[in-house]
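Enquirer: Curious how this folds, go ahead:
(one chain, ligands or ions: 1)
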Amino acid sequence: MMLTIENVLDQAGLRRIREIIDAGPWVDGNETSGHQSRLAKRNRQLRQHCDEAAEAGQLVLKAIGQTPEFIAAALPLKVFPPLFNRYAGGENFGNHVDSSMRQVKGTEFRIRSDLSCTLFLEPPEAYEGGELVVQDLFGEHRVKLKAGDLVLYPASSLHRVEPVTEGARTACFFWLQSMVRDNGQREELYRLDRSIRTLSEERGGTDAVVMELTNLYHNLMRRWADA
Ligand code: NI
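Expert: Purely as a prediction, here's the structure:
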């Protein structure tokens, strides 16, 4: 499942994050690459572990934590510290897969990457190209969102970023380990959750059917989720 979530950041939040990261140290994007990605990747990245990345990353984590749709869809267990990248002057990231395991250097913090997220930090009219292209069994999905919007997609997908031929594309990206490992199970839970919310608005939260479906949701979580 690919899911777009709008307005994860408001204008003030977006401005604040851009102020922080734009003043930070930008380095060759291959700092975080595995062997195979290194061959395909041409971009810049805010240096990992610098104060700016930590501060802006915290703001991103806070914003997603306050976005119920994100929580419902991702069911996050552990989130890798957000990273920031920038493409300009024809830079791109060719087709690749993301590593299944990610460890924060020098720490014990490790996640299995179930979901990949890209939070767009640049208005789409400010650059040419730069679409995130994700491939799945249904074909190719091209994503270019408003600044402040986010896309969530299975980290298991082959994907790329098209060349940015004019302007610059700045984005935040991160991976997360979900409480529910299986993409299909997580998607069913999300669809059930959405249906319950719709029904609950129509009938009220204490309606017998709403209660029964809510019980079912939590019992499925008990079967499928890790905490
Ligand atoms: Ni990737």
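Enquirer: my read: Leu158 touches Asp98, true?
Expert: No. Assessed by C-beta atoms under 8 Å, Leu158 is found out of contact with Asp98, at 9.7 Å. Just so you know, the C-beta spots here come from the backbone N, C-alpha and C atoms, and that holds for glycine as well.
Enquirer: So for those two, which sits in the more crowded spot?
Expert: Neighbours were counted for Leu158 and for Asp98 using other C-beta atoms under 10 Å; Asp98 has more, 18 against 13.
Enquirer: gap between that one and Leu216?
Expert: Computed with C-beta to C-beta, to the nearest Å, the distance linking Asp98 and Leu216 is 33 Å.
Enquirer: Pull up the pairing partners for the lengthiest strand in the chain, direction included.
Expert: Identified as the longest strand of the chain according to DSSP state E is strand 164-178. Applying DSSP bridges to the sheet, strand 164-178 is found paired with strand 76-79 (antiparallel), strand 83-88 (antiparallel), strand 115-120 (antiparallel), strand 127-129 (antiparallel).
Enquirer: for the lengthiest helix in the chain, packing partners?
Expert: Criterion DSSP state H: the longest helix present in the chain is helix 183-203. The helices and strands touching helix 183-203, judged by 3 or more C-beta pairs under 8 Å, 6 or more residues apart in numbering; DSSP states H and E, are helix 68-74, helix 208-224.
Enquirer: Tell me which residues are up against it.
Expert: 1, 72-75, 114, 154, 156, 178, 180, 207, 209-210, 213-214, 216-217, 220-221, 224 (C-beta atoms under 8 Å, 6 or more residues apart in numbering).
Enquirer: how near is the nearest residue to Ala72 once chain neighbours are set aside to Pro76?
Expert: Closest residue to Ala72 apart from its sequence neighbours, by C-beta to C-beta, 6 or more residues apart in numbering: Asp193 at 5.0 Å. Asp193 sits at a distance of 14 Å from Pro76 (criterion: C-beta to C-beta).
Enquirer: Over to Arg194?
Expert: For Arg194, the distance to Pro76 (C-beta to C-beta) stands at 17 Å.
Enquirer: Break this structure down into its domains, please.
Expert: 3-178, 183-224 (automatic domain parsing).
Enquirer: Take the ones you listed and lay them out in a markdown table including mean pLDDT.
Expert: Formatted as a markdown table, the domains of the chain follow (pLDDT from 0 to 100):
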| stretch | mean pLDDT |
| --- | --- |
| domain 3-178 | 95 |
| domain 183-224 | 97 |
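Enquirer: For the helix or strand Ile64 falls within, enumerate the helices and strands it packs against.
Expert: Assigned by DSSP states H and E, Ile64 falls within helix 51-65. For helix 51-65, the packing partners by 3+ C-beta pairs under 8 Å, 6+ apart come out as helix 11-22, strand 44-46, helix 68-74, strand 76-79, strand 83-88, strand 164-178.
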